[in-house]
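**Student:** Predicted model and sequence follow; I will ask about them next.
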Amino acid sequence: MVLNQPFFEKNLDIKQFSNQFHVIFPYKDSLIINEEIPARYGDCHLILKSIDTMNTFLSKASTDIRSDIPLSAVKCQTGNLESLNTELKISIVTISYNSAKTIRDTIESVLSQTYPNLEYVIVDGASTDNTLEIIQEYESRFAGKMHWISEPDNGLYDAMNKGIRMATGDLVGILNSDDFYHRPESIEIIAEAFTDKRLKAVFADIRFVAPDNLEKTVRYYSSAKFTPKRFRFGFMPAHPTFFTYKKYFEKFGYYQTDYVMAADYELLIRFLYVHKLKYKYLPMDLLKMRQGGRSTASIKRKLMFDSEIVRACKSNGIYTNTAILLFRGFEKLYEFFDTKNKKKTSKKKIIRKFKPL
């Protein structure tokens with residue numbers, strides 16, 4: 001059915017922000033964009049780049065409304081963008097090496113973010129597949145907000161350090177090249193949290209998905225129960241959801257490159273346990289991660305990971321040993337059977353669940 005301009009004016013609460021129009025639809029397939037409309041569309045999120053494009057959308061867009069979706073449900077939401085202070089610049093750092101199979105999803109997820117004051121840094125380790133071609137393909141679409149390098153490095157954590165040093169934002173977060181934000185307001189929510197000036201760091205949850213079916217949750221990693229005392233038992237907040245001020249890397253140090261797998265664990269101990277940065281847990285699944293990874297790939301790597309956790313704890317004044325770390329396995333097993341977190345949390349629930357510091 002073709003919907004005319006009066007319908008949209010009546011049924012869509014469309015708002016403008018920074019010369020863009022952000023429209024989030026309640027169902028992924030509820031809108032089909034006319035090919036004549038130059039727009040970016042992905043997972044319920046449509047960005048219209050100008051007033052002219054907006055007018056074209058109003059006059060020419062066609063919809064295929066599923067029978068189970070009432071017309072009144074087709075609403076536009078932009079969160080609190082108009083009231084949000086966007087002076088805080090947020091840098092997202094992605095490390096890649098031969099990541100052609102997955103990095104497109106990662107880049108697209110950053111590109112779809114509603115928060116405008118965003119910088120994207122990619123550090124590639126001299127990939128030999130077509131990763132660089134994909135990065136270059138997207139560079140112009142970031143309108144100067146993407147910066148990247150491709151050169152050999154001394155491992156994952158050396159590359160992370162490069163990216164953080166390249167970043168010019170106030171806040172920095174890491175997004176792996178096979179992970180992606182599955183909601184366009186993820187970084188907006190991070191920015192909202194940091195409107196509390198007492199806050200020094202935030203972290204959230206991760207939704208692990210099947211590599212061949214990104215809609216299928218196979219594990220839910222919750223950071224809800226984390227406290228610095230739990231480092232001793234092998235528990236850490238989900239590192240890819242961790243955002244803090246760049247100045248703390250400069251003050252307290254970067255990732256230690258003599259670790260193979262647990263430099264992120266050691267850094268979080270340093271920031272949250274040793275230097276006691278004031279943090280907040282955000283009750284949300286900030287991103288999706290494809291199941292499988294460096295720290296869970298094999299028994300040999302698992303033993304190496306535990307050994308590095310023990311070393312990270314002891315070097316920062318926390319007593320632990322491999323026997324103590326065994327307790328972690330029971331809670332990790334529960335993550336695969338926990339079904340209450342399978343459903344994505346809405347933004348309103350996230351904001352409502354924020355706990356005072």
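**Tutor:** Arrived safely.
**Student:** Name the helix or strand of the protein that has the lowest mean pLDDT.
**Tutor:** Within the chain, judged by mean pLDDT, DSSP states H and E, the helix or strand with the poorest mean is strand 40-42; its value is a mean of 34.
**Student:** Apart from its neighbours in sequence, what residue is nearest residue 216?
**Tutor:** For residue 216, ignoring the flanking residues on the chain, the nearest one in space by C-beta to C-beta, 6 or more residues apart in numbering is residue 210 at 4.4 Å. (Each C-beta comes from the backbone N, C-alpha and C, glycine too.)
**Student:** correct me, but that neighbour touches residue 219?
**Tutor:** No: look at residue 210 against residue 219 with C-beta atoms under 8 Å: they stay out of range, at 9.8 Å.
**Student:** Need the residues touching each of those two.
**Tutor:** Shared contacts of residue 210 and residue 219 (C-beta atoms under 8 Å, 6 or more residues apart in numbering): residue 291.
**Student:** Show me which of these two is the more surrounded one.
**Tutor:** The neighbour comparison of residue 210 against residue 219 (other C-beta atoms under 10 Å) goes to residue 219, with 20 against 14.
**Student:** Report whether that one is found in a strand, as I expect.
**Tutor:** Yes: membership of residue 219 in a strand is supported by DSSP: H, G, I helix; E, B strand; the rest coil.
**Student:** Outline the domain layout of this structure.
**Tutor:** As assigned by automatic domain parsing, the chain contains the domains 5-73, 90-353.
**Student:** Pick the most deeply packed of these.
**Tutor:** Stretch with highest mean neighbour count among the domains of the chain: domain 90-353 (a mean of 18; mean count of other C-beta atoms under 10 Å).
**Student:** List every C-alpha atom in the longest strand anywhere in the chain, with coordinates, as CSV.
**Tutor:** For the chain, the strand with the greatest residue count under DSSP state E is strand 279-290. Extracted C-alpha coordinates of strand 279-290, given in CSV (Å, rounded to 0.1, in the frame of the first residue of the first chain):
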residue,chain,number,x,y,z
TYR,A,279,31.5,2.9,37.5
LYS,A,280,28.0,2.1,36.6
TYR,A,281,26.4,-1.1,35.3
LEU,A,282,23.9,-0.6,32.4
PRO,A,283,21.3,-3.3,32.4
MET,A,284,21.3,-3.9,28.7
ASP,A,285,22.8,-6.1,26.0
LEU,A,286,25.0,-3.4,24.4
LEU,A,287,26.3,-5.6,21.5
LYS,A,288,26.2,-9.0,19.9
MET,A,289,29.3,-11.2,19.7
ARG,A,290,29.7,-14.2,17.5
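**Student:** immediately after that strand, which helix or strand?
**Tutor:** helix 299-315 (DSSP states H and E).
**Student:** Give me the residues contacting that next one.
**Tutor:** 231-232, 234, 259-262, 265-266, 269, 294-296, 319-322, 325.
**Student:** now swap in stretch 256-268 and tell me
**Tutor:** Under the contact criterion C-beta under 8 Å, 6+ apart, stretch 256-268 has outside partners 154-158, 161, 231, 236-237, 239, 242, 253-255, 294-295, 301, 304-305, 308-309, 311-312, 315-316.
**Student:** same thing but 7 Å
**Tutor:** 154-155, 157-158, 236-237, 239, 242, 255, 294-295, 301, 304-305, 308-309, 312 (C-beta atoms under 7 Å, 6 or more residues apart in numbering).
**Student:** The helix or strand containing residue 206 to strand 279-290, inter-axis angle?
**Tutor:** Using DSSP H and E, residue 206 maps to strand 201-210. Interaxial angle, strand 201-210 versus strand 279-290 (axes from the mean of the first three to the mean of the last three C-alpha atoms, to 10 degrees): 20 degrees.
**Student:** Strand 201-210 pairs with which strands?
**Tutor:** Under the criterion DSSP bridges, strand 201-210 sits next to strand 213-221 (antiparallel), strand 243-245 (antiparallel), strand 279-290 (parallel) in its sheet.
**Student:** Contacts for the second one next, please.
**Tutor:** Think strand 243-245. Counting by C-beta under 7 Å, 6+ apart, 170, 171, 172, 173, 190, 200, 201, 202, 271, 277 sit against strand 243-245.
**Student:** I'd like the mean pLDDT over stretch 130-149, please.
**Tutor:** For stretch 130-149, mean pLDDT is 97.
**Student:** okay, it in PDB with CA atoms only?
**Tutor:** Taking C-alpha atoms only, stretch 130-149 is exported to PDB below (Å, rounded to 0.1, in the frame of the first residue of the first chain):
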ATOM      1  CA  ASN A 130      40.000  -7.800   1.300                       C
ATOM      2  CA  THR A 131      39.500  -6.200   4.800                       C
ATOM      3  CA  LEU A 132      41.100  -3.000   3.600                       C
ATOM      4  CA  GLU A 133      38.900  -2.700   0.600                       C
ATOM      5  CA  ILE A 134      35.800  -2.900   2.900                       C
ATOM      6  CA  ILE A 135      37.300  -0.300   5.200                       C
ATOM      7  CA  GLN A 136      38.000   2.100   2.300                       C
ATOM      8  CA  GLU A 137      34.500   1.500   0.900                       C
ATOM      9  CA  TYR A 138      33.000   2.900   4.000                       C
ATOM     10  CA  GLU A 139      35.400   5.700   4.800                       C
ATOM     11  CA  SER A 140      33.600   8.400   2.900                       C
ATOM     12  CA  ARG A 141      30.300   7.500   4.500                       C
ATOM     13  CA  PHE A 142      31.600   8.600   7.900                       C
ATOM     14  CA  ALA A 143      32.200  12.100   6.500                       C
ATOM     15  CA  GLY A 144      35.700  12.500   8.100                       C
ATOM     16  CA  LYS A 145      34.800  10.700  11.400                       C
ATOM     17  CA  MET A 146      36.600   7.500  10.500                       C
ATOM     18  CA  HIS A 147      40.400   7.200  10.900                       C
ATOM     19  CA  TRP A 148      42.300   4.000  10.100                       C
ATOM     20  CA  ILE A 149      45.800   2.600   9.700                       C
END
